[in-house]
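S.K.: Please find the sequence and the predicted model below.
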Amino acid sequence: EALREAEILVNKLMETLDEKRAELAAVEAKLAALKESLREKIEMKERLEVQVDQCEKKLVRAEKLIGGLGGEKDRWSQSAKDLQFKYDNLIGDVLISSGVVAT
């Protein structure tokens, strides 16, 4: 009788053990999936950090270029004004030069 009760108890404990092992396997599988997901997210984060760094460098270069082009605009505007002044005075300069040559 005691042997039978012990066997029943052992069987119940084995069933419980099997259930717990199944639960453990499920938890370990979920943990493995989470670790893989974490690894992927870390890789994505690193790629994005590289992209951010590249964008910051491009932005600095673009700001320098825009600043340089702003100076060029002023220079070209002044050159255009000078050329317009010379063009406006061209006829008078030609007349004066013709008079000087004719005398």
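M.R.: Received the coordinates, thanks.

S.K.: C-alpha from now on. contacts and neighbour counts both.
M.R.: Noted.

S.K.: which stretches of this structure form helices?
M.R.: 2-88, 90-102 (DSSP state H).

S.K.: In TSV: those helices, plus mean pLDDT and mean neighbour count.
M.R.: Shown next, in TSV, are the helices of the chain (pLDDT from 0 to 100; neighbours: other Cα atoms under 10 Å):
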stretch	mean pLDDT	mean neighbour count
helix 2-88	94	12
helix 90-102	88	11
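
S.K.: ok, V60 to G68 distance?
M.R.: Per Cα to Cα, to the nearest Å, V60 is found 12 Å from G68.

S.K.: I meant G99, not that one.
M.R.: Taken as Cα to Cα, the span from G99 to G68 is 46 Å.

S.K.: With A80 instead?
M.R.: Computed with Cα to Cα, the distance linking A80 and G68 is 18 Å.

S.K.: Over to A62?
M.R.: For A62 relative to G68 (Cα to Cα), the value is 10 Å.

S.K.: Then N11?
M.R.: 85 Å.

S.K.: How about R75?
M.R.: 11 Å.

S.K.: go on, I91?
M.R.: Taking Cα to Cα, one finds I91 at 36 Å from G68.

S.K.: What of I42?
M.R.: Per Cα to Cα, I42 is found 39 Å from G68.

S.K.: How far away from the center of its chain is stretch 21-30?
M.R.: Stretch 21-30 sits 39 Å away from the centroid of its parent chain (Cα atoms, centre = their mean, to the nearest Å).
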